[in-house]
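Novice: make a model of this:
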Amino acid sequence: MALIDEQIAGQLREELAQLEQPVRLAVAFQSLADPESEEVRRLVEELCALDPKLRYEPVNFVLDKERVAELGFKRTPAIAVLQEPEGGAARDFGLRLYGLPSGYEFGSLIEAILDASHGQSQLQPATLAALQALPAPVHLQVFSTPT
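Specialist: The predicted model follows:
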């Protein structure tokens with residue numbers, strides 16, 4: 001049974017038509033220890049099947065230690081959103097989503113994909129200037145719950 005029904009798939013195809021550069025979604029999973037990982041994998045596979053500019057990369061959290069370290073995955077399930085320009089090296093903007101992106105979080109995943117594809121965020125110039133003025137790197141985490 002599909003996780004993305006045909007009506008939603010049609011809406012997603014319209015949104016994904018805005019993709020400029022290809023985007024790779026690297027999914028860290030650990031199916032036996034974390035059953036939710038399998039649902040995230042299936043969701044991302046279905047999403048990537050909707051547009052040729054979306055690519056799926058499975059990353060086994062236990063067996064692919066080097067790739068897990070490269071992507072900075074701390075736990076599963078996790079999704080790294082990477083721009084993958086044609087003929088160029090992947091660009092990692094540090095976009096990571098942990099857990100199952102359902103409800104509003106699914107919208108956040110789609111926005112992250114679009115932002116990575118365009119190679120820029122939609123932050124206002126004043127916000128970007130304030131961020132560039134920070135004296136040290138910042139690790140920002142946003143937590144959400146469906147309740």
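
Novice: what's in contact with the lowest-mean-pLDDT helix or strand in the chain?
Specialist: Every helix and strand in the chain was compared by mean pLDDT, DSSP states H and E; the lowest is helix 125-132, with a mean of 89. With contact meaning Cβ atoms under 8 Å, 6 or more residues apart in numbering, helix 125-132 is reached by 121, 123. Placement of C-beta: from N, CA and C, glycine included.

Novice: can I get it as CSV, trimmed to CA atoms?
Specialist: What follows is helix 125-132 as a C-alpha-only set of coordinates in CSV (Å, rounded to 0.1, in the frame of the first residue of the first chain):
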residue,chain,number,x,y,z
PRO,A,125,18.6,40.0,3.6
ALA,A,126,18.6,41.4,7.2
THR,A,127,18.3,37.9,8.7
LEU,A,128,21.2,36.7,6.5
ALA,A,129,23.3,39.6,7.5
ALA,A,130,22.6,39.0,11.2
LEU,A,131,23.6,35.3,10.7
GLN,A,132,26.8,36.1,8.9
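
Novice: quick one, helices of the protein?
Specialist: Assigned by DSSP state H, the helices in the chain fall at 6-16, 35-48, 65-71, 104-118, 125-132.

Novice: quick one: closest of these to A80.
Specialist: helix 65-71 (4.8 Å; Cβ to Cβ).

Novice: and the closest one, what does it pack onto?
Specialist: Helices and strands touching helix 65-71, by 3 or more Cβ pairs under 8 Å, 6 or more residues apart in numbering; DSSP states H and E, are strand 23-29, strand 54-60.

Novice: picking that back up, looking at the helices of the chain, which is closest to V27?
Specialist: For the helices of the chain, proximity to V27 was assessed by Cβ to Cβ; helix 35-48 is nearest, at 5.0 Å.

Novice: for the residue nearest to K74 when sequence neighbours are not counted, name its beta-bridge partners.
Specialist: Once flanking residues are discounted, K74 sits nearest to Y98: 7.8 Å by Cβ to Cβ, 6 or more residues apart in numbering. Beta-bridge pairing of Y98 under DSSP bridges involves A78.

Novice: does Y98 touch F61 like I think?
Specialist: No - when contacts are counted by Cβ atoms under 8 Å, Y98 is not listed as touching F61 (11.9 Å).
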